[in-house]
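In: Build the 3D model from these lines:
(chains A and B)
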Amino acid sequence: AQTVTQSQPEMSVQEAETVTLSCTYDTSESDYYLFWYKQPPSRQMILVIRQEAYKQQNATENRFSVNFQKAAKSFSLKISDSQLGDAAMYFCAYRSPLGGSQGNLIFGKGTKLSVKP
Amino acid sequence: DTGVSQDPRHKITKRGQNVTFRCDPISEHNRLYWYRQTLGQGPEFLTYFQNEAQLEKSRLLSDRFSAERPKGSFSTLEIQRTEQGDSAMYLCASSFAVGNGVGNIQYFGAGTRLSVL
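Out: Down below sits the predicted model:
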């Protein structure tokens, strides 16, 4: 079974600085998808960024980028120029390809990010 | 399209009572997922529907839990004879799944927070 581990329960960053959130996963599959979701307090979870395992190029979405190391099974999220609105729980998630799978997400326990003004 | 909506947002009930939650997915999304999130944990998969068919149930879904998605539109999750251990956030997500593609992005609702006294 696949597992996702986020080893940093809490992180803090100064506004305008850069922070990296860690995620490792375990799988025997060669093709899969990885995601970072953001969950603000009392609000719905939203997708931040996604990565297809077959792509070597790291995904980037504006201030958010990932460092995907397939051999190490590592998928970290870098937030540049941190803003107060980035404060939230961040969840790393894994999904198998849909064929032969229900396609549900497997989540880590999350990292709570605080942004200091 | 207003996204995935869940009702109610909060539910307080006494142990032993039955509760029902509703999820309205993004229109034309063919997949609908239910997850449960307890304090300090990431969401855990409960069950999912492809159109109106319930195709998978996790072992977390005891016999007291039942889910339906009549006509492949909205879905309900019912918990019978609630227990204090059922207290959690119940999240619904929907997606449009085609083949194995990355297009199966899951969009989440804000959740229903259940407190069993």
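
In: low-confidence ranges in the chain?
Out: Just going to use chain A. A:98-102 (pLDDT under 70).

In: right idea, wrong chain: chain B
Out: For chain B (pLDDT under 70), the answer is B:1, B:99-103.

In: Find the closest residue to chain A in it.
Out: Proximity of chain B to chain A (C-beta to the nearest C-beta) peaks at B:G42, 3.1 Å away. (C-beta placed from N, C-alpha, C; glycine too.)

In: hang on, isn't that residue packed against A:Y94?
Out: No - with contact defined as C-beta atoms under 8 Å, B:G42 does not count as touching A:Y94 (10.8 Å).

In: Return every residue with contacts to both of the two.
Out: When contacts are counted by C-beta atoms under 8 Å, 6 or more residues apart in numbering or on different chains, B:G42 and A:Y94 have A:V4 as shared neighbours.

In: For whichever strand or helix holds A:F68, name the packing helices and strands.
Out: Following DSSP states H and E, one finds A:F68 within strand A:64-69. Counting contacts by 3 or more C-beta pairs under 8 Å, 6 or more residues apart in numbering or on different chains; DSSP states H and E, strand A:64-69 packs against strand A:33-39, strand A:46-52, strand A:74-79.

In: who wins for proximity to B:A67 among these?
Out: strand A:33-39 (22.2 Å; C-beta to C-beta).

In: helices or strands next to that closest one in the packing?
Out: So strand A:33-39, by 3+ C-beta pairs under 8 Å, 6+ apart, packs with strand A:46-52, strand A:64-69, strand A:74-79, strand A:88-95.

In: Just name the most buried of the ones you listed.
Out: By mean neighbour count, with neighbours taken as mean count of other C-beta atoms under 10 Å in any protein chain shown, strand A:88-95 ranks first of those at a mean of 24.
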